[in-house]
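S.K.: Any chance you can model this:
(chains A and B)
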Amino acid sequence: DTEVTQTPKHLVMGMTNKKSLKCEQHMGHRAMYWYKQKAKKPPELMFVYSYEKLSINESVPSRFSPECPNSSLLNLHLHALQPEDSALYLCASSRVIKSTVALSGANVLTFGAGSRLTVL
Amino acid sequence: DQQVKQNSPSLSVQEGRISILNCDYTNSMFDYFLWYKKYPAEGPTFLISISSIKDKNEDGRFTVFLNKSAKHLSLHIVPSQPGDSAVYFCAASASRGAGNMLTFGGGTRLMVKP
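M.R.: Numbers count the residues shown, from 1 in each chain, chains lettered A, B, ... in the order given. Alright, predicted model coming up:
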């Protein structure tokens, strides 16, 4: 299994709703990532988990709350979002968060298809 | 300040010809570079990578060239096929940094015409 699976594919929510995005991988990867991508822009890093611990939070507002319940799952809990938070949310994983062997392939991120979020 | 730049937002090429996508970077700490391909409604798919200890890496129809002194890399696709039509993102990371955090360029939309 060489896939990262994200659900739901599409989500429409109001500003007072609470929802969650889910990500799953069974490649044995120990690093997992959330990226946000707006239209015609590159993906921007939000969070990084390494061995189920939050390693990096790129100054993301607290209305986004990540959770890594185990090595295969990554969630992004959403609450009180704003319309400008509408975007494609991409989950990714890699073997490890950091590899000193540049050609080992451990640095390659595998992305899911994304969850397209619309906040009304 | 964009550390990874793809100055051509789009590129149109005839089927069978060569496609050349360019990428420039400013951070001298970057030592690992990747190209990702993205179709609409899908996540980015890894295509090819190159370490800063090399100046060329080839995989089938895809070749990436790295010019460290110019802080420039390019992706060559030859021959181009209509199925190559997608958005291509250049990405970079620094092994001495926190890890595999990729910094992406803005993307180049490649259109290969039959």
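S.K.: Please make it C-alpha for all contacts and neighbour counts, starting now.
M.R.: Noted.
S.K.: need the strands for chain B, in chain order.
M.R.: Using DSSP state E, the strands of chain B run over B:4-5, B:10-14, B:19-25, B:32-38, B:45-51, B:56-59, B:62-67, B:72-77, B:86-93, B:103-104, B:108-113.
S.K.: how about these in JSON lines, adding mean neighbour count, distance to chain A and mean pLDDT?
M.R.: Putting the strands of chain B into JSON lines (neighbours: other Cα atoms under 10 Å in any protein chain shown; distance: least, Cα to the nearest Cα, whole Å; pLDDT from 0 to 100) gives the following:
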{"stretch": "strand B:4-5", "mean neighbour count": "22", "distance to chain A": "10", "mean pLDDT": "95"}
{"stretch": "strand B:10-14", "mean neighbour count": "15", "distance to chain A": "11", "mean pLDDT": "97"}
{"stretch": "strand B:19-25", "mean neighbour count": "22", "distance to chain A": "13", "mean pLDDT": "98"}
{"stretch": "strand B:32-38", "mean neighbour count": "23", "distance to chain A": "7", "mean pLDDT": "93"}
{"stretch": "strand B:45-51", "mean neighbour count": "20", "distance to chain A": "6", "mean pLDDT": "92"}
{"stretch": "strand B:56-59", "mean neighbour count": "14", "distance to chain A": "11", "mean pLDDT": "95"}
{"stretch": "strand B:62-67", "mean neighbour count": "18", "distance to chain A": "14", "mean pLDDT": "97"}
{"stretch": "strand B:72-77", "mean neighbour count": "20", "distance to chain A": "17", "mean pLDDT": "98"}
{"stretch": "strand B:86-93", "mean neighbour count": "25", "distance to chain A": "8", "mean pLDDT": "94"}
{"stretch": "strand B:103-104", "mean neighbour count": "24", "distance to chain A": "6", "mean pLDDT": "90"}
{"stretch": "strand B:108-113", "mean neighbour count": "21", "distance to chain A": "10", "mean pLDDT": "97"}
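S.K.: For A:Asn70, find the nearest of those strands.
M.R.: Closest approach to A:Asn70 among these is made by strand B:45-51 (24.4 Å; Cα to Cα).
S.K.: Other residues contacting that closest one?
M.R.: For strand B:45-51, the external contacting residues (Cα atoms under 8 Å, 6 or more residues apart in numbering or on different chains) are A:102-103, A:108-111, B:31-38, B:56-57, B:59, B:62-64, B:66.
S.K.: Which residues are in contact with the residue nearest to B:Val13 when sequence neighbours are not counted?
M.R.: Excluding the flanking residues, the one nearest B:Val13 by Cα to Cα, 6 or more residues apart in numbering or on different chains is B:Val112, at 4.9 Å. For B:Val112, the contacting residues are B:Ser12, B:Val13, B:Gln14, B:Glu15, B:Ser80, B:Gln81, B:Pro82, B:Gly83, B:Asp84, B:Ser85, by Cα under 8 Å, 6+ apart.
S.K.: swap the cut-off to 10 Å and go again
M.R.: Taking Cα atoms under 10 Å, 6 or more residues apart in numbering or on different chains, we find B:Val112 in contact with B:11-19, B:80-86.
S.K.: before we move on, what about B:Gln3?
M.R.: B:Asp24, B:Tyr25, B:Thr26, B:Asn27, B:Ser28, B:Phe30, B:Ala91, B:Ala92, B:Thr103, B:Phe104, B:Gly105.
S.K.: what helix or strand is the closest residue to A:Ser65 other than its chain neighbours on?
M.R.: Nearest residue to A:Ser65, sequence neighbours excluded (Cα to Cα, 6+ apart): A:His77, at 4.9 Å. For A:His77, the host element (DSSP states H and E) is strand A:73-79.
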